[in-house]
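J.: I'll drop the sequence and a predicted model, then ask my questions.
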Amino acid sequence: MRTVLRLIARGVGDMALHPLAHTLGLAAVTLAVFLGGVFLMALTTVDAEFRVSRGETVWQVYWRPGTPLEQVRPQWDEVRRMPWLTRAETWTPDDALAALAKRLGGADALPSGGVNPLPPTALLVFSPREVDAGRWARETQSFLKNLPGVERVTSTPLKDEFGRMWRGVSAFVVWPSVAFLTLVLALVSASSVRLTLEHRRDEIEILKLVGARNWYIRLPLLVGGAMLGLVGGGAALALLHLVYRFVGPFFAVPPLLMELHFPPPEQAALLVAVPVLMGLTGGWMAVRDRN
């Protein structure tokens, strides 16, 4: 066990013995992971923006006939503050009766009893930018129906053909892209680590000549390769987070009005796990090539 721990410590310490080679290898891994992270962040942002509903839907709210306008007008003010509302039109019973009379060519639309039967009405136009448009519609309908005095709420379907199409095909676009990026990142990381360890060729040959076993030779190289991938992946992830923090606000202003999205946890973990695994692979290949 002591021998194993000593070899692990030696694998970490060897990085300081050859600073130039390891610095160049670390820079290559960090750059590759950082560029991959930028691609993932762009892909995540585009996917989130396309998933958001961008259509328009119209809602009509009818209060009970005879509901006092002193009760209805504050509710109209409250409705006008609802999110994603782009236009609101309201009619008192007298306004609705006048509009009806105008449509009838100026004829008297008031019934013979002299009581206006039309209710206070509101027409609301929304352009919701929601990922779950169905949940938004249910919550909006529940809110409007629960307003005091409301008798009926109707709405038109949300016209969001592009968002609906993207939500149906996004899985066939996002995950193949992530898989391809993982493959490229793996190849670049493994090659960088393997080239970084090339300077250890003479050391490997000497150890073989004195009869050292393969595991004794491999373990420090595997540890060194894994550390190179871990440090490079971690540094790239830190740089990516700085870009997200400082560049993100520039996307949230006109004309873009986009929210920059950091890669989700499983993809962020992939940016570190792949270089570590490929560092192990690169260390293994560096020894295998000498067999």
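T.: Yep, it's here.

J.: report the buried residues of the host helix or strand of Gln60.
T.: Secondary structure assignment for Gln60, by DSSP states H and E: strand 57-63. Buried residues in strand 57-63, defined by neighbour count with 16 or more other Cβ atoms under 10 Å: 57, 59, 61-63. Every residue, glycine included, has its C-beta placed from N, CA and C.

J.: which of the residues you listed sits closest to Val184?
T.: Thr57 (42.2 Å; Cβ to Cβ).

J.: got the contact list for that closest one?
T.: Under the criterion of Cβ atoms under 8 Å, 6 or more residues apart in numbering, the neighbours of Thr57 are 125-126, 128, 137, 155-159.

J.: run the chain-centre distance for the strand holding Gln60.
T.: With Cα atoms, centre = their mean, to the nearest Å as the basis, strand 57-63 stands 33 Å off its chain's centre.

J.: strand partners of that strand, parallel vs antiparallel please.
T.: Sheet pairing of strand 57-63 (DSSP bridges) gives strand 121-126 (antiparallel), strand 150-155 (antiparallel).

J.: gap between the last one and the chain center?
T.: Spelled out, it's strand 150-155. Counting by Cα atoms, centre = their mean, strand 150-155 comes out at 35 Å from the chain centroid.

J.: swap in stretch 127-137?
T.: Chain-centre distance of stretch 127-137: 17 Å, with Cα atoms, centre = their mean.

J.: flag every buried residue along it.
T.: 127-130, 133, 136-137.

J.: what pLDDT does the closest residue to Arg152 other than its chain neighbours get?
T.: Nearest residue to Arg152 in three dimensions, chain neighbours excluded: Tyr62, at 4.5 Å (Cβ to Cβ, 6 or more residues apart in numbering). On pLDDT, Tyr62 comes in at 93.

J.: Tyr62 pairs with what?
T.: The partner residues for Tyr62, given DSSP bridges, come to Thr121, Arg152.

J.: got the contact list for it?
T.: For Tyr62, the contacting residues are 119-121, 150-154, by Cβ under 8 Å, 6+ apart.

J.: let's go with 6 Å and repeat that
T.: Counting by Cβ atoms under 6 Å, 6 or more residues apart in numbering, Tyr62 touches 119, 121, 151-152.

J.: any idea how far the lengthiest helix in the chain is from the middle of the chain?
T.: Counting by DSSP state H, the longest helix found in the chain is helix 214-251. Averaging C-alpha positions (Cα atoms, centre = their mean) puts helix 214-251 22 Å from its chain's average.

J.: helices or strands up against it?
T.: helix 2-17, helix 19-51, helix 161-196, helix 265-288 (3 or more Cβ pairs under 6 Å, 6 or more residues apart in numbering; DSSP states H and E).

J.: endpoint to endpoint, stretch 123-133 covers what distance?
T.: 20 Å (Cα to Cα, to the nearest Å).

J.: avg pLDDT for that stretch?
T.: For stretch 123-133, mean pLDDT rounds to 83.

J.: residues in contact with it: which ones?
T.: Contacts of stretch 123-133 (Cβ under 6 Å, 6+ apart): 51-53, 56-60, 84-89, 136, 158.

J.: do the same with stretch 33-52
T.: 129, 131, 166-167, 170, 174, 177, 181, 185, 233, 236, 239-240, 258, 260-261, 263, 267, 271, 275.

J.: let's see that with 8 Å instead.
T.: With Cβ under 8 Å, 6+ apart as the criterion, stretch 33-52 contacts 129-131, 162-163, 166-167, 170, 173-174, 177-178, 181, 184-185, 189, 232-233, 236-237, 239-240, 243-244, 251, 258-264, 267-268, 271-272, 274-275.

J.: again with stretch 73-83
T.: Against stretch 73-83 from outside (Cβ under 8 Å, 6+ apart): 61, 85, 88, 90, 122, 124, 126, 128, 140, 143-144, 147-149.

J.: of these, grab the buried ones for ChimeraX.
T.: Filtering the contacts of stretch 73-83 down to the buried ones (16+ other Cβ under 10 Å) takes a single ChimeraX command:
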select :61,85,88,90,122,124,126,128,140,144,147
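
J.: filter the contacts of stretch 73-83 down to the ones in strands?
T.: 61, 85, 88, 90, 122, 124, 126 (DSSP state E).

J.: adding distance to Leu197, write those residues out as CSV.
T.: Formatted as CSV, those follow (distance: Cβ to Cβ, whole Å):
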residue, distance to Leu197
Val61, 71
Leu85, 62
Ala88, 68
Thr90, 74
Ala122, 72
Leu124, 66
Phe126, 60
